[in-house]
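Undergrad: here is my input; please provide its structure:
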Amino acid sequence: MTSAFPTPTSLDAVPAAVETELRNFFDVAVPAASDIAPVVGTAAELVRDFVLQGGKRIRPVFAFAGWRCGMSESGRVDSDEASTVGREARDALRVGAALELVQACALIHDDIIDRSDTRRGQPTLHRVFQSRHAAASWAGDPADHGVAAAILAGDLALAWADDLVHDHRPGVSTSSTSGQTSSTSGQTSSTSGQTSSTSGQTSSTGDRSSATPEYRPLPPAVGATWAAMRTEVLGGQFLDIVNEASGDDSAAAAYRVMEFKTAAYTVARPLELGARLAGASEDLVATLRKIGHDLGIAFQLRDDQLGVFGDPERTGKPSGDDLVSGKRTALLATALRRADDSDPALGSRLRTFIGRPLDDDELGSARALLVDVGAVAEMEGKIDDLLGAALAALDAADIGDDIRTELTAVAHRTAHREA
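TA: Residues are numbered from 1 along each chain as shown. Model prediction:
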């Protein structure tokens with residue numbers, strides 16, 4: 001059942017509001033997938049459950065923060081002829097929900113690349129598909145099937161992200177004046193009134209059309225930012241796997257990955273998307289992009305620390321997973337540089353812990369090396385410097401005091417999180 005759009009009264013309320021938006025989308029998208037075939041519907045349900053099982057929802061929070069920054073900019077004037085799209089909270093929530101679907105794609109594919117078995121304390125999606133293949137006694141190798149199915153599931157999440165951000169719903173027309181079914185003849189689908197065997201929901205596209213009574217396409221500048229973000233995150237991911245394969249241990253390579261895979265996609269672009277939705281000035285957009293870049297790098301540097309030292313009960317990932325997967329992080333690059341400079345034997349020893357399973361003693365030795373060579377302290381210093389630069393820019397930004405205060409608190413949590 002479609003729920004009303006709740007308007008968050010604070011940034012802390014954004015995750016719940018975005019989850020409502022996601023559930024509304026899934027109420028339409030999953031039955032549409034089931035219409036193709038029951039097994040496709042089952043895969044769609046797994047994607048839905050993966051998205052809804054948790055997560056920090058940090059990207060929607062920054063998108064909504066950017067929107068509030070733009071709406072609070074002094075001297076803003078909206079002409080009477082200007083489109084109302086982007087000036088309402090529901091548009092910012094829709095973009096935030098779409099960002100969560102991009103994140104779902106990235107995480108599903110990341111887990112395949114990293115050969116991870118768990119995510120948020122649950123089996124990763126390729127392992128779920130693998131287990132289902134084995135339980136059904138299907139032909140072929142269960143692990144190969146799991147990887148292939150999860151790749152497609154991630155692709156589905158990315159396709160759904162584009163559907164949602166552009167205000168399309170599978171099986172629903174995009175008419176701005178009516179909620180008629182999508183069909184070349186204008187007639188309802190021949191599957192109308194039938195019940196999906198996998199979801200138990202009515203598969204009539206006519207019934208689904210009520211989920212989106214008004215088509216609200218993105219303003220062109222927002223669509224262009226969205227398109228740039230997608231290319232950047234995929235480019236950053238490709239750089240990441242090339243760095244691992246080539247053994248590029250340099251800090252420059254690690255920071256290049258962070259710039260596109262994390263900083264732009266996690267904070268800078270979401271802030272920009274929200275600000276552009278609100279019709280913010282180019283000066284404010286540039287300021288928010290700078291804030292987002294610094295906070296995004298700080299976010300990833302903290303993530304690097306958690307990938308080695310984090311508590312699995314809080315992170316949802318095995319401790320030391322970044323070392324085991326051979327991920328070329330800034331923390332590792334800094335540790336190798338400092339170890340090689342002080343004693344090449346230390347650098348050689350540290351390299352023996354990269355890219356292979358580690359027992360508890362080996363993980364403890366690797367952690368001690370990272371601390372002893374000063375890499376952890378150097379990264380903590382960089383995080384503090386980046387946070388300070390972001391806060392200084394935020395203090396000077398032309399935005400309302402309320403959103404400045406809230407965004408300042410979010411910035412601190414981003415840089416000093418424990419999960």
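
Undergrad: distance of the one residue sitting closest to the centre of the chain relative to residue 116?
TA: For the chain, the residue nearest the mean C-alpha position is residue 103 (2.7 Å; Cα atoms, centre = their mean). Here residue 103 is placed at a distance of 15 Å from residue 116 (Cβ to Cβ, to the nearest Å). C-beta coordinates here come from the backbone N, C-alpha and C atoms, glycine included.

Undergrad: what strand or helix carries residue 304?
TA: For residue 304, the host element (DSSP states H and E) is helix 282-309.

Undergrad: now do that helix, average pLDDT.
TA: Taken as a whole, helix 282-309 has an average pLDDT of 95.

Undergrad: where does this protein have its least confident helix or strand?
TA: In the chain, no helix or strand scores lower on mean pLDDT, DSSP states H and E than helix 205-208, which sits at a mean of 44.

Undergrad: coming back round to it: the residue nearest to the centre of the chain against residue 55, yeah?
TA: Yes - with contact defined as Cβ atoms under 8 Å, residue 103 counts as touching residue 55 (7.2 Å).

Undergrad: now do the shared contacts for these two.
TA: By Cβ atoms under 8 Å, 6 or more residues apart in numbering, residue 103 and residue 55 have no common neighbours.

Undergrad: just want the phi and psi numbers for residue 122.
TA: The phi and psi torsions at residue 122 (degrees, to the nearest 10) take the values phi -120, psi 160.

Undergrad: the nearest residue in space to it that is not next to it in sequence: neighbouring residues, count only.
TA: In this structure, residue 122 finds its nearest non-sequential neighbour in residue 53, 6.4 Å apart by Cβ to Cβ, 6 or more residues apart in numbering. Neighbour count for residue 53, taken as other Cβ atoms under 10 Å: 12.

Undergrad: likewise for the one 10 residues further on?
TA: A count of nearby residues for residue 63, using other Cβ under 10 Å, gives 29.

Undergrad: contacts only, for the closest residue to residue 149 other than its chain neighbours.
TA: Excluding the flanking residues, the one nearest residue 149 by Cβ to Cβ, 6+ apart is residue 129, at 3.9 Å. By Cβ under 8 Å, 6+ apart, the residues touching residue 129 are 46, 145, 146, 149, 150, 153.

Undergrad: what's the helix or strand for the second one?
TA: Yep, that's residue 145 we're talking about. helix 142-165.

Undergrad: residues in contact with that helix?
TA: Against helix 142-165 from outside (Cβ under 8 Å, 6+ apart): 25, 29, 33, 43-44, 46-47, 50-51, 94-95, 97-99, 101-102, 104-106, 108-109, 111-112, 124-131, 133-134, 138, 169-170, 218, 226, 230.

Undergrad: inside helices: which ones of the residues you listed?
TA: 25, 29, 33, 43-44, 46-47, 50-51, 94-95, 97-99, 101-102, 104-106, 108-109, 111-112, 125-131, 133-134, 226, 230 (DSSP state H).

Undergrad: now the strands for this structure?
TA: Assigned by DSSP state E, the chain shows strands spanning 118-119, 122-123.

Undergrad: nearest to residue 253, out of the ones you listed?
TA: Minimum separation from residue 253 across these (Cβ to Cβ) falls at strand 118-119, 25.5 Å.

Undergrad: so how far is the closest one from its chain's centroid?
TA: Relative to its parent chain, strand 118-119 has a centroid offset of 16 Å by Cα atoms, centre = their mean, to the nearest Å.

Undergrad: can you give me the mean pLDDT across that strand?
TA: The model assigns strand 118-119 a mean pLDDT of 86.

Undergrad: circling back: state the distance from the residue nearest to the residue nearest to the centre of the chain when sequence neighbours are not counted to residue 95.
TA: Distances taken as Cβ to Cβ, 6+ apart put residue 59 closest to residue 103, at 6.2 Å, once the chain neighbours are dropped. For residue 59, the distance to residue 95 equals 9 Å [Cβ to Cβ].
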